[in-house]
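*Asks:* have a look; sequence and predicted model below, questions after that.
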Amino acid sequence: MRVSILLVLLSLVAVNLQAQTYYVATTGSDSAAGTFEEPFRTITKAHSVATVPGTTIYVRGGSYAYSTTIVLSRIGTSDNMFKLHAYPGERVFLDFSSMPVADANRGIRITGRYWHVKGFDIWKAGDNGMHISGSFNIVENCSFSENYDTGLQLSGNASYNNIINCDSYFNADIGQGNADGFAPKLDVGTGNYFYGCRAWQNSDDGWDGYLRPADNVTTTLENCWVFHNGYLKSGAPSVGNGNGFKMGGGDNTNADSLRHNMILINCLAFDNRVKGYDQNNNRGSMTLLNCTAYRNGTNYQISSPIKSGSTLTVKNCVSLGFYGSLGSFAIQATNSWMSPFVVNDADFISLDTTGMRGPRQADGSLPILPFMRLAQGSDLIDAGTNVGLPFNGTAPDLGCFESDYPTSVRYAIDMPAAFKLEQNYPNPFNPVTTIAFTVDRTQPAMLEVFNALGQKVATVFDRLAVSGTRYELKFEASHLSSGMYFYTLSSGNNKEMKKLMLLK
Ligand SMILES: [Ca+2]
Ligand SMILES: [Ca+2]
Ligand SMILES: [Ca+2]
Ligand SMILES: [Ca+2]
């Protein structure tokens, strides 16, 4: 008897704690039930009832006008994130144009933890389009435009947030000297990560890592593009700073001490009015690997002293045109301005920027365009230093786009079987997907999966692979959280990487 009462009580508790799915639509009502058939009208209402971690709020496509800040304050867990998603296949436009211009008037504030926000276009907020002071959040495939301050700002100790495949553009404050595209700045925390993001034509800087009073925090940018900053939407030059990647700096009282450790991998800066890669008095470590700069006022300007214990590392980077200035303390290897390289227009397939601000691929990743990709025969191909990033051919290339030309016909004659890593299917997946590959010679091969932070989460294959055999492997990810992962196949000197997307 007692046991059965206990079981009943337990089952009631379990029901109460079940994650829910709520819907919001332009045709909805906040007095409705929040179901697919009877959706809410506002995200704020959905948030107020979304109390259980793992709960999903789907917002149906369309335009929503808001004049007050949407605050996401709930605390999820790594296994049960709160999700605020545009309904699959739809896009949500958040119109804040009726919001007064004022520092407190952010569009969305994420003060909570473990939120996954996806598929929103945030327009004309009275300050930041989005402000994050929480941690462990994922913001994916969102855009921030024409806001009256920085598009997406992280401060207030925001830590370990992942910003994936987002765009920030045409942001401009009234004075033009504040609005950046993305700003992990001021009292920001550590461990924030940007992947596949673009910032263009913001009145101040593309990225800004200016600190006050935070010190010794680390931010990583990978595969990000920054261009045309320091210009207004009209195309006129702004009176803002106009830098691409501004890596740090502090105010007058602490400019000599603050360290923003910046890691930039496969990043691209072009056509920024002032500097492409700008130190701005940052005293922390700066690591630039396989970055490219073209036609910025100055391409690289990293020459002020850094604090004892900090390092400046610049490897496999490219400058088309004069590179700028690096401090003598820089640890450099195989950069395009070093001997024996000769860089000119002919090293690149195209210098035409058309499409660089254009639509993304269906999965939200950056468009694939010929701009600044190395032309076949360039002396920058296979001429780089192995810095631990995946590469094709015999060595890493210089610059942000690794080329993939057939290296030599002699291998084709001797080894008819190809080294090939296939795209996983299905993709996106939950929780099982298939990864197939073949190798060009019989030798040990390893297939590994990494998260967006580069941490290995699984070894799928680690043994002898036989040439001419197509291996099909199941990858089961029920223990992992939603997001983008990378899988690599390595065998001998060959290595190939692809992306996969877990969507729970
Ligand atoms: Ca402001
Ligand atoms: Ca700035
Ligand atoms: Ca050349
Ligand atoms: Ca290569």
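*Replies:* Yes, it's here. Ligands and ions are numbered 1, 2, ... in the order given.
*Asks:* please count neighbours and contacts with C-alpha atoms only from this point.
*Replies:* OK.
*Asks:* where does the protein have low pLDDT?
*Replies:* The model of the chain has pLDDT under 70 over residues 1-16, 251-256, 406-416, 442-443, 464-468.
*Asks:* helices along that one, start to end?
*Replies:* Here the chain has its helices, by DSSP state H, at 2-16, 43-49, 409-414.
*Asks:* wait, does stretch 204-217 contact ligand 1?
*Replies:* No - Stretch 204-217 stays clear of ligand 1 (C-alpha under 5 Å from the ion), getting no nearer than 12.4 Å.
*Asks:* thinking Met247 is in contact with Leu211, fair?
*Replies:* No - between Met247 and Leu211 there is no contact under C-alpha atoms under 8 Å: 9.6 Å.
*Asks:* the more surrounded of these two?
*Replies:* Met247 (32 against 26; other C-alpha atoms under 10 Å).
*Asks:* ok, now which ones touch that one?
*Replies:* Contacts for Met247 were tallied using C-alpha atoms under 8 Å, 6 or more residues apart in numbering; they are 207-210, 260, 262, 277-280, 282, 286.
*Asks:* repeat for Ser257
*Replies:* Shown in contact with Ser257 (C-alpha under 8 Å, 6+ apart): 215, 283, 307.
*Asks:* if I look at it, how far off is Ile164?
*Replies:* 30 Å (C-alpha to C-alpha, to the nearest Å).
*Asks:* and if you look at Arg441?
*Replies:* Taken as C-alpha to C-alpha, the span from Arg441 to Ile164 is 36 Å.
*Asks:* and those two? which has more neighbours close in?
*Replies:* Higher neighbour count among Arg441 and Ile164: Ile164, with 24 against 20, using other C-alpha under 10 Å.
*Asks:* surely the more buried one touches Asn141?
*Replies:* Yes - counting by C-alpha under 8 Å, Ile164 touches Asn141, with 6.5 Å between them.
*Asks:* closest residue of the stretch 401-504 of the chain to ligand 3?
*Replies:* At 14.3 Å from ligand 3, Ser403 is the closest residue in the stretch 401-504 of the chain, using C-alpha to the ion.
*Asks:* my guess is that residue contacts Met372. True?
*Replies:* No - Ser403 lies out of contact with Met372 (C-alpha under 8 Å); the separation is 10.8 Å.
*Asks:* looking at the two, which is more packed in?
*Replies:* For Ser403 versus Met372, neighbours defined as other C-alpha under 10 Å are more numerous around Met372 (24 against 20).
*Asks:* skipping adjacent residues, who's closest to that one in space?
*Replies:* Spatially, and ignoring its direct neighbours in sequence, Met372 is nearest to Phe348 (5.4 Å; C-alpha to C-alpha, 6 or more residues apart in numbering).
*Asks:* show me this protein divided up by domain.
*Replies:* 19-148, 166-407, 412-502 (automatic domain parsing).
*Asks:* quickly note the distance from Tyr66 to Tyr148.
*Replies:* 15 Å.
*Asks:* okay, those two: which has more neighbours?
*Replies:* Tyr148 (30 against 17).
*Asks:* show the contacting residues for that one.
*Replies:* Going by C-alpha under 8 Å, 6+ apart, the list of residues near Tyr148 reads 101, 124-128, 171-174, 179.
*Asks:* Leu320 bridge partners, please.
*Replies:* On the basis of DSSP bridges, Leu320 is bridged to Tyr294.
*Asks:* scratch that, Val217
*Replies:* If you apply DSSP bridges, the partners that Val217 bridges to are His260.
*Asks:* list the contacts for it?
*Replies:* 188-191, 259-261.
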